[in-house]
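Peer 1: Task: produce atomic coordinates for the following.
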Amino acid sequence: LQNVSNVTLKLANKLFIGKNFLIKPQYKQDLQTYYRSDIQPVDFSQKAQAADTINTWCQEKTNNRINNIIQAGDLDPSTALILANAVYFKGNWAHKFDPINTVDRPFHKNANPEPSPVPTMYRKGNYKYVELPKHEAKCIELPYANKEVSMVIILPDKIDGLSAIINNLETVSAECSTRLAQTYEREVRVFLPK
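Peer 2: Residues are numbered from 1 along each chain as shown. Below you'll find the predicted structure:
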């Protein structure tokens, strides 16, 4: 996506390693060369400071979109390594969601039968949309303005169906891509958590 206009994509990787661990220079070099990753020693016995170090890195790499990826309580002195990966993407939709239609709607988190209110965008428009009955899911393609990039969303039919999709993600996403390539746009009502 480096040569695609009107989109921003930033990828970042970092290993936060316990301060008492030694890193072989060749390993550090390989991480930088092949994975564009860096290593930073951290004193995990200083839980608040360690969490702040990781959160500050994440905040910088996501343009302040993700501020608290880890809490001090998630760490302890026996923590050896935190592998962090941050992805930041910004692009304009081909068909914009009108902010006036963004309202709180029920959303099920982690297969919880009790939904939580979440700001949700709404738009009715023409999109490529297919149902995948074999996988008890549906998928939709939402294009970005430059038409070279789109977001494909796979939605399970059941509230607790996400784990089944994740466990078969390669197969489900391959079928979704194939079917979307073979279909035409049709009118769909899209509700998308913001």
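Peer 1: can you give me the helices in the protein?
Peer 2: 25-35, 47-61, 162-167, 169-182 (DSSP state H).
Peer 1: can you list contacts of the last one?
Peer 2: Helix 169-182 is contacted by residues 128, 130, 132, 134, 135, 137, 139, 141, 152, 154, 165 when judged by C-beta atoms under 8 Å, 6 or more residues apart in numbering. (Glycine included, C-beta is placed from N, CA and C.)
Peer 1: which helices and strands does the longest strand seen in the chain pack with?
Peer 2: Ranked by residue count and defined by DSSP state E, the top strand of the chain is strand 116-132. Judged by 3 or more C-beta pairs under 8 Å, 6 or more residues apart in numbering; DSSP states H and E, the packing partners of strand 116-132 are strand 103-107, strand 137-143, helix 169-182, strand 185-193.
Peer 1: okay, the angle between the longest one and strand 137-143?
Peer 2: When axes from the mean of the first three to the mean of the last three C-alpha atoms, to 10 degrees is applied, the directions of helix 169-182 and strand 137-143 differ by 60 degrees.
Peer 1: quick one: residue 115 and residue 108, what's the gap?
Peer 2: Residue 115 is 5 Å from residue 108, where distance means C-beta to C-beta, to the nearest Å.
Peer 1: most centrally placed residue in this structure?
Peer 2: Centroid check for the chain by C-alpha atoms, centre = their mean gives residue 87 as the closest residue, at 7.0 Å.
Peer 1: which ones are touching that one?
Peer 2: With C-beta under 8 Å, 6+ apart, residue 87 has these contacts: 9, 10, 11, 12, 62.
Peer 1: higher neighbour count, residue 115 and residue 108?
Peer 2: More neighbours surround residue 108 than the other of residue 115 and residue 108, with 16 against 12 (other C-beta atoms under 10 Å).
Peer 1: Got the phi and psi for the more buried one?
Peer 2: phi -90, psi 120 (degrees, to the nearest 10).
Peer 1: Let me know whether it touches residue 155 as I believe.
Peer 2: No. Using C-beta atoms under 8 Å, residue 108 makes no contact with residue 155, being 11.2 Å away.
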